[in-house]
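Colleague: Take this sequence and fold it.
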Amino acid sequence: MNKTIFIADDDTDIVNLLSCRCKQLGFKVETARNATTALGVIEQCRPDAVILDVEMPSGNGLSVCEMMSSHEELRSIPVIILTGSTNEDTVRRCHQLCAYYVLKCPDVWSRIEPILQDLFDCNEAVAATNSVQETEEVPIACMTHNPMDLMDTVFAMLGTEEDNDQVGVKPHQFKQPSEQAWVLLIEDDNDFVTALQIRLEEYGLRTNRVATGIEGYRRAFLDAPCAIILDYELPQGNGDYVLRRLKESPATCDIPVIVLTGHSDASIERKMRGLGASEFLSKPFDWDRLRTALQIHLEEFQETTRTAPIENSLS
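Modeller: Numbers count the residues shown, from 1 in each chain. Modelled structure (predicted):
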């Protein structure tokens, strides 16, 4: 696979378990036991994903994540925050940093594996490494694995639904939607998005645009749009990755997402609808269909969030 996972945790058992599992999926693994070493290794080896414990000697995993987010060449690396804490501030900071939040538990791998499967295509790597694994001595703890449906096991940044109830995070708790309806466009085609913005704003809808997947999620979380129009192929996180994260987070799960893409593949449409897309439209799209979908879903969203009525600007 030629992908590298970096793991920083002062719990040797956790590091050994995760290292073993990641290697079984074909990843290279780098590790550290404290925050200071962690940042140095990340800067040096530029891993493809990072797993960070929160409480570590000489620092904090969230602080390492913050430093990565401010680093031009490290900010796009996916981060999984691994912690035993359900502290609300920890949850909030994970959201703000666009990091996955995974609670430590006896079966912690069942929470981390689907995220890695989501970020990387691990199936071929598993087949390619089976022959190698047969000749390696693997700890018994690493051999217990129950295959599960990816769609049923991708864990939200806040963990399971039960964990969410404990934390008490509710949609829009951190940022209330603006009084005027506005739509977030997550699209990297400049010409297309300019034409779309002009058309939508003619109908009285304010728009904001971002061009990458990770920025799209961050903007949705921080500013709570009333609807999102999402492309499928994007830099730094494709549409399915963005949609999954939006629907996993209590802060963004109710925002209607309309997928507008050049792909007309039925399997992609099924996947996006299965992930929670409110509508799936292929380019070139029918403007009336988009306008109708926006109007319906904006009204539903407004009713769900109990905000002031949206004017019928698209009629």
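Colleague: All the strands of the chain, residue numbers only.
Modeller: 4-8, 28-32, 49-53, 55-56, 59-60, 79-83, 100-103, 182-186, 206-210, 227-230, 257-261, 279-282 (DSSP state E).
Colleague: and the ones you listed as JSON lines, adding mean neighbour count, distance to Ser19 and mean pLDDT?
Modeller: Placement of C-beta: from N, CA and C, glycine included. Converted to JSON lines, these look like this (neighbours: other C-beta atoms under 10 Å; distance: least, C-beta to C-beta, whole Å; pLDDT from 0 to 100):
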{"stretch": "strand 4-8", "mean neighbour count": "23", "distance to Ser19": "6", "mean pLDDT": "95"}
{"stretch": "strand 28-32", "mean neighbour count": "18", "distance to Ser19": "5", "mean pLDDT": "94"}
{"stretch": "strand 49-53", "mean neighbour count": "25", "distance to Ser19": "10", "mean pLDDT": "94"}
{"stretch": "strand 55-56", "mean neighbour count": "18", "distance to Ser19": "16", "mean pLDDT": "88"}
{"stretch": "strand 59-60", "mean neighbour count": "16", "distance to Ser19": "21", "mean pLDDT": "86"}
{"stretch": "strand 79-83", "mean neighbour count": "24", "distance to Ser19": "13", "mean pLDDT": "91"}
{"stretch": "strand 100-103", "mean neighbour count": "24", "distance to Ser19": "16", "mean pLDDT": "85"}
{"stretch": "strand 182-186", "mean neighbour count": "23", "distance to Ser19": "35", "mean pLDDT": "92"}
{"stretch": "strand 206-210", "mean neighbour count": "17", "distance to Ser19": "35", "mean pLDDT": "90"}
{"stretch": "strand 227-230", "mean neighbour count": "25", "distance to Ser19": "35", "mean pLDDT": "94"}
{"stretch": "strand 257-261", "mean neighbour count": "24", "distance to Ser19": "36", "mean pLDDT": "91"}
{"stretch": "strand 279-282", "mean neighbour count": "19", "distance to Ser19": "39", "mean pLDDT": "90"}
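Colleague: Could you save those strands as CSV and add columns showing distance to Asn16?
Modeller: Shown next, in CSV, are the strands of the chain (distance: least, C-beta to C-beta, whole Å):
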stretch, distance to Asn16
strand 4-8, 10
strand 28-32, 9
strand 49-53, 13
strand 55-56, 16
strand 59-60, 22
strand 79-83, 14
strand 100-103, 17
strand 182-186, 39
strand 206-210, 39
strand 227-230, 39
strand 257-261, 39
strand 279-282, 43
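Colleague: where are the low-confidence patches of the chain?
Modeller: 1, 121-180, 302, 304-315 (pLDDT under 70).
Colleague: Residue nearest the middle of it, spatially speaking?
Modeller: Arg245 (3.5 Å; C-alpha atoms, centre = their mean).
Colleague: ok now do the nearest residue to it once chain neighbours are set aside, which residues does it touch?
Modeller: Closest residue to Arg245 apart from its sequence neighbours, by C-beta to C-beta, 6 or more residues apart in numbering: Tyr217 at 5.1 Å. Neighbour list for Tyr217: Cys98, Gly237, Val242, Arg245, Leu246, Thr252 [criterion: C-beta atoms under 8 Å, 6 or more residues apart in numbering].
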